[in-house]
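In: based on what follows, work out the 3D shape:
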Amino acid sequence: MVLLVGSTSIVAAQDMGIDYVDDNTGVVWFDATGVSASWSYICLNGCYPGTKNGNRVERTFSGLTLGTTYSINAQIQDNTTGQITPSGSVTFQNGGGGTTPTCSDGLQNGDETGVDCGGSCAACPTCSDGNQNGDETGVDCGGSCAPCGGGGGSSNVVEAETGTLLGSAQYYNDGAASGGQGVAYISSQGAGFRLTNVPEATSVDISYASQFSGGISIFVNGQDRGDMAFPSSGGWVGNYLTVTFNTSVPAGATFEIIYQGGDVALNVDQLVFNGGGSGGGPSCSDGIQNGDETGIDCGGSCTACATCSDGVQNGDETGVDCGGSCGACVSCSDGIQNGDETGVDCGGSCGSCSFDALVTSAASGSDDILVGGAGSTQPGYTMYTWDNDNGGPFSQCDGGCATS
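Out: Residues are numbered from 1 along each chain as shown. The predicted structure follows:
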């Protein structure tokens, strides 16, 4: 029976209980079937944050006494109807006061460390146990583990803190986060972050932390791709979970995580874009600086990156080691003697240098003529001397020499 009062509902006592863990420990739970439970508080001798687990919210309490009847209540946020506040009295019993934990009830209860695994149940699947189990698509890969190889495309890690903040979101520091940072306060309308020029992908692994379970909106190139559902990690920092969101992301796209109405708050650590390209990792033609590259698709195991002194026209150069991001290339019209020019903008690979007409004859009666550019301000280039004083001290002409 459910009694509705305004936007608050009171749930009858049979919809709650205390599961026995040991003689002093129990899990207080409340039915939350059909409720978003974006956040919850469970109260027994004080109120504490609850966790959504299947169709119920719950919290483990210690210091209990077998046979004691406890008053319990909760505040559960439903994004459609408002707050649900169930309350009642339950006796803590061994096997009573609620369902007895089993290894097949679809809940993490009793001494389990995961849902129906760990503790007195079978060991929980891990990404290093040598078996294909859990949600893996291969042995210790796929699902919540690292993507499987074998030609499935490359995987590119992008830290959330490299994006642009949106709304009231903020960067935060946490030593447990990859790179020591992430994006927090994705908890109000329009809050989130934007990544630009992301790698091509068929799925995105998102590492996050949240005290609650729920969903968050994903956008690619401004298009709403739906909500990414996620379970609670148990807190806002210190422990991160990873979920895979399957969607097509074209190379160079804009990828956004933005809080919308009905979403649940979370902090985001990093993203891994999976399945783009045709290789199993970074390549020298993926348009991204990754692997051991020192530039985009160059350096490291790729070809050397272009420089302005490598003797090759490459990069954005318009000539050998000049133009583009290097210095301007030499030209035959820059008003400077440079390159292989022998004069200003002439000689070498430019046209030959030209000078003013030379004097080719001397006026009668002249003895010594300086031959230079006619009317030129430059000094002469060659000295010629005509000597007619046959037999003089400077003449070597004897007989038969011209007299003029």
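
In: so Glu161 sits in a strand?
Out: No - counting by DSSP: H, G, I helix; E, B strand; the rest coil, Glu161 is not part of a strand but helix.

In: from Glu256, how far out is it?
Out: 15 Å (C-beta to C-beta, to the nearest Å). All C-beta atoms are positioned from the backbone trio N, CA, C, and that covers glycine.

In: equivalent analysis for Cys117, please.
Out: 35 Å.

In: quick one, which of the two is more surrounded?
Out: Ranked by neighbour count (other C-beta atoms under 10 Å), Cys117 and Glu256 place Glu256 first, with 22 against 16.

In: flag every buried residue along stretch 241-252.
Out: Neighbour counts over stretch 241-252 (16 or more other C-beta atoms under 10 Å) mark Leu241, Thr242, Val243, Thr244, Phe245, Val249 as buried.

In: over to stretch 186-206?
Out: 186-187, 191-195, 198-201, 203-206.

In: the residue most central in space within the chain: what secondary structure?
Out: For the chain, the residue nearest the mean C-alpha position is Val158 (2.6 Å; C-alpha atoms, centre = their mean). What three-state DSSP gives for Val158 is strand.

In: with the one 10 residues further on instead?
Out: Using three-state DSSP as the criterion, the local structure at Ser168 reads coil.

In: mind listing what it touches?
Out: Neighbouring residues of Ser168 by C-beta atoms under 8 Å, 6 or more residues apart in numbering: Tyr185, Ser187, Ser188, Gly190, Ala191.

In: hang on, Ser232 packs against Thr51?
Out: Yes - if you go by C-beta atoms under 8 Å, Ser232 and Thr51 touch, sitting 5.0 Å apart.

In: what ranges in the stretch 201-350 of the chain fall below the confidence cut-off?
Out: 276-283, 285-288, 290-291 (pLDDT under 70).

In: kindly recompute the last result at 80.
Out: Counting by pLDDT under 80, the ranges of the stretch 201-350 of the chain that qualify are 276-293, 295-297, 300-301, 315.

In: and what of the stretch 51-200 of the chain?
Out: Ranges of the stretch 51-200 of the chain meeting pLDDT under 80: 95-102, 105-112, 114-115, 128-154.

In: what's the burial count for the residue lying closest to Thr68 once chain neighbours are set aside?
Out: Leaving aside its sequence neighbours, Thr68 sits nearest to Phe92 (C-beta to C-beta, 6 or more residues apart in numbering; 5.6 Å). Neighbour count of Phe92, defined by other C-beta under 10 Å: 25.

In: my guess is Phe92 meets Gly67, correct?
Out: Yes - Phe92 sits in contact with Gly67 when judged by C-beta under 8 Å, with a separation of 7.0 Å.

In: mutual contacts of these two, please.
Out: Contacts common to Phe92 and Gly67, judged by C-beta under 8 Å, 6+ apart, are absent.

In: for the stretch 201-350 of the chain, which segments count as strands?
Out: For the stretch 201-350 of the chain, the strands defined by DSSP state E, counting those that start in this stretch occupy 201-209, 214-220, 223-230, 241-249, 253-258, 266-276.
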